[in-house]
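# From the sequence below, what's the structure:
(one chain, ligands or ions: 3)
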Amino acid sequence: MYKITTLPGDGIGPEVIAGAVQVLNAVRERTGIEFAITEAPFGGNAYDQTGTPLPEATLRQCLASNAVLMGAVGGPKWDNLPVHLRPEVGALLPLRKKLAVFANIRPSMVFSSLVDASTLKREVVEGLDLVVIRELTGGLYFGEKRREQLPQGGFRVIETLEYSTEEIERVARFAFELARKRSGRLTSVDKANVLESSRLWREVVSGLAAEYPDVELSHILVDNCAMQLVRYPKQFDVMLTENMFGDILSDQASQLTGSIGMLPSASLGGQVGLYEPIHGSAPDIAGQNIANPIATIMSVAMMLRYSLDSEEGAALVERAVSSVLGEGYRTIDIMQPGMTQLGTSEMSRLIAQRVSEAGTTA
Ligand SMILES: NC(=O)c1ccc[n+]([C@@H]2O[C@H](COP(=O)([O-])OP(=O)(O)OC[C@H]3O[C@@H](n4cnc5c(N)ncnc54)[C@H](O)[C@@H]3O)[C@@H](O)[C@H]2O)c1
Ligand SMILES: CC(C)[C@H](C(=O)O)[C@@H](O)C(=O)O
Ligand SMILES: [Mg+2]
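Ligands and ions are numbered 1, 2, ... in the order given. Presented below is the predicted three-dimensional model:
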């Protein structure tokens, strides 16, 4: 019996997690896979209830699970708290660190029925299928930081970017292995013309290339990469990069698919897998039942594949999403003329229904 912890979080988090749980339950009925789902407080709502965004009990429960499914955290209500109590810095980052999930997989795939939903031209995005592997537990996010008051007034801040050979090597191996299973092409993204950390990054990644002779490795500077991602994204297959560059480039890559509401993620490398959509709590649309639940539902597919050993379940979910989009159903962020607009809960229900019906009709 697998143990799954859900952390709905804040803003649209609870709306998209409710949809994803519906889909998971449909997968259970369809495949017989056994799991127990337990919800836990996390983020701003946990701070409101308990005074901390990451309660001890929540962390313990996550560590004792096979997989954690997270919605999103944060929002204006908690933006002015001392930084260690903010949902992002006080809950999400320590959770990733404690789960030791150093490899964050963010696939950006364009569904054929959504080719015209992107703001980019059809020929630029049609058939796009790339994966960003983002280092998730190092870099600027976790380096030493401090703020000093200056005698003449104002402040000075110090923010440290640290990476060790070992931290780079383990995520790079992950990327080489994935590239080997896909097209055999790996692009490592850095800023080696300026940053010492990027020079070590490039050295370590290049040093591994001899062990993967079947993978064609190339390096690109991050600023050029950002430009190439909108100019000709299909040149990329597996992209490997450090924490902050990966954060920014994956939001950019999401827009190629039509919406940030489409991009799932899996964070791996520790004992427990962490699954979350790449988007945030979207306070501007929270509580309106209009958020796109597909990023979270596709994160469920990744969870079934990587933590619950159910390729069958993962494929059921992916096919259900594809078929609902193919039938012309859309949330507002991917709405196109002539299509049928659905809310978050209606879209989730329909995907769950397609999972339940799979293979039962000709
Ligand atoms: N993993 C996380 O928990 C996470 C990730 C990113 C941002 N955040 C937090 O979320 C809050 C809002 O951040 P932001 O506005 O910069 O980023 P965001 O991703 O929440 O929203 C950016 C834009 O995309 C839209 N959007 C996001 N998800 C969507 C969905 N599923 N369907 C349709 N539209 C969607 C939003 O409405 C908004 O216009 C901040 O507090 C931020 O720190 C949390
Ligand atoms: C909320 C924030 C800490 C987080 C990050 O930067 O990792 C988010 O933007 C993401 O992409 O998951
Ligand atoms: Mg982000």
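
# On the three-state scheme, Gly74 is what?
Secondary structure, DSSP: H, G, I helix; E, B strand; the rest coil: Gly74 is coil.

# neighbours around it, how many?
Residues near Gly74, counting by other CB atoms under 10 Å, number 23. Where C-beta positions appear, they are placed from N, C-alpha and C, glycine not excepted.

# residues touching it, list them.
Shown in contact with Gly74 (CB atoms under 8 Å, 6 or more residues apart in numbering): Asp10, Gly11, Gly43, Gly44, Arg86, Pro87, Glu88, Gly280, Ser281.

# ranking these by neighbours, who comes first?
Neighbour max across those (other CB under 10 Å) = Gly43, 31 neighbours.

# re the thing from before, filter the contacts of Gly74 down to the ones close to ligand 1.
Applying CB under 6 Å from any ligand atom, the subset of the contacts of Gly74 adjacent to ligand 1 comprises Glu88, Gly280, Ser281.

# Contacting ligand 2 as well, which ones from those?
Okay, of the ones next to ligand 1 among the contacts of Gly74 touching ligand 2 (CB under 6 Å from any ligand atom), that's Glu88, Gly280.

# Tell me where the stretch 151-300 of the chain is predicted with low confidence.
Across the stretch 151-300 of the chain, not a single residue meets the criterion (pLDDT under 70).

# rewinding a little: which of the contacts of Gly74 sits closest to ligand 2?
Closest approach to ligand 2 among the contacts of Gly74 (CB to the nearest ligand atom): Glu88, at 4.0 Å.

# and the closest residue to the closest one other than its chain neighbours, what are its phi and psi?
Distances taken as CB to CB, 6 or more residues apart in numbering put Gly74 closest to Glu88, at 5.0 Å, once the chain neighbours are dropped. Here is the backbone geometry of Gly74 (degrees, to the nearest 10): phi 100, psi 170.

# Same question for Leu130.
Torsion angles at Leu130 (phi, psi; degrees, to the nearest 10) stand at phi -130, psi 160.

# can you check Ala266 too?
According to degrees, to the nearest 10, Ala266 has phi -130, psi 130.

# so what's it up against?
Asn104, Ile105, Gly273, Leu274, Tyr275, Ser299, Met302, Met303, Tyr306.

# per-residue confidence at the closest residue to ligand 1 within the stretch 51-200 of the chain?
The stretch 51-200 of the chain approaches ligand 1 most closely through Gly74 (2.8 Å), counting by CB to the nearest ligand atom. Looking at Gly74, its pLDDT is 98.

# Next one: it from ligand 2, what distance?
Plainly put, Gly74 is 6 Å away from ligand 2 if you go by CB to the nearest ligand atom, to the nearest Å.

# Likewise for Thr6?
Thr6 sits 17 Å away from ligand 2, going by CB to the nearest ligand atom.

# sec struct for that residue, please.
Under three-state DSSP, Thr6 falls in the strand class.

# And the pLDDT for it?
With respect to pLDDT, Thr6 has a value of 98.

# how many neighbours does it have?
24.

# Could you count how many residues lie near the closest residue to Phe236 other than its chain neighbours?
Spatially, and ignoring its direct neighbours in sequence, Phe236 is nearest to Leu130 (4.7 Å; CB to CB, 6+ apart). Leu130: 23 surrounding residues under other CB under 10 Å.

# and Leu130, what are its bridge partners?
Beta-bridge pairing of Leu130 under DSSP bridges involves Ser108.

# got the contact list for it?
Going by CB under 8 Å, 6+ apart, Leu130 touches Pro107, Ser108, Met109, Pro233, Lys234, Phe236, Asp237, Val238, Met239, Ala253.

# Kindly report the residues of the stretch 251-362 of the chain close to ligand 2.
Ile278, Gly280.

# picking up where we left off before, among the ones next to ligand 1 among the contacts of Gly74, which ones are in strands?
Using DSSP state E, no member of those falls within strands.

# next one: phi and psi at the residue nearest to Ile33 when sequence neighbours are not counted?
Once flanking residues are discounted, Ile33 sits nearest to Ser310: 5.3 Å by CB to CB, 6+ apart. Phi and psi for Ser310, reported as degrees, to the nearest 10, are phi -120, psi 80.

# Around Ser310, count how many other residues there are.
22.

# Spell out, range by range, the helices that occur in the stretch 51-200 of the chain.
Under the criterion DSSP state H, counting those that start in this stretch, the stretch 51-200 of the chain carries helices at the ranges 56-63, 87, 93-99, 122-125, 165-181, 196-208.

# next one: the stretch 251-362 of the chain
Under the criterion DSSP H, counting those that start in this stretch, the stretch 251-362 of the chain carries helices at the ranges 294-306, 311-326, 344-357.

# and ligand 1, which of the ones you listed is closest to it?
Nearest to ligand 1, of the helices of the stretch 251-362 of the chain and by CB to the nearest ligand atom, is helix 294-306 at 5.6 Å.

# What lies in contact with stretch 213-230?
By CB under 8 Å, 6+ apart, the surrounding residues in contact with stretch 213-230 are 120, 124, 176, 179-180, 184-193, 202, 205-206, 209, 235-236, 239, 241, 245, 248-249, 252-253, 256.
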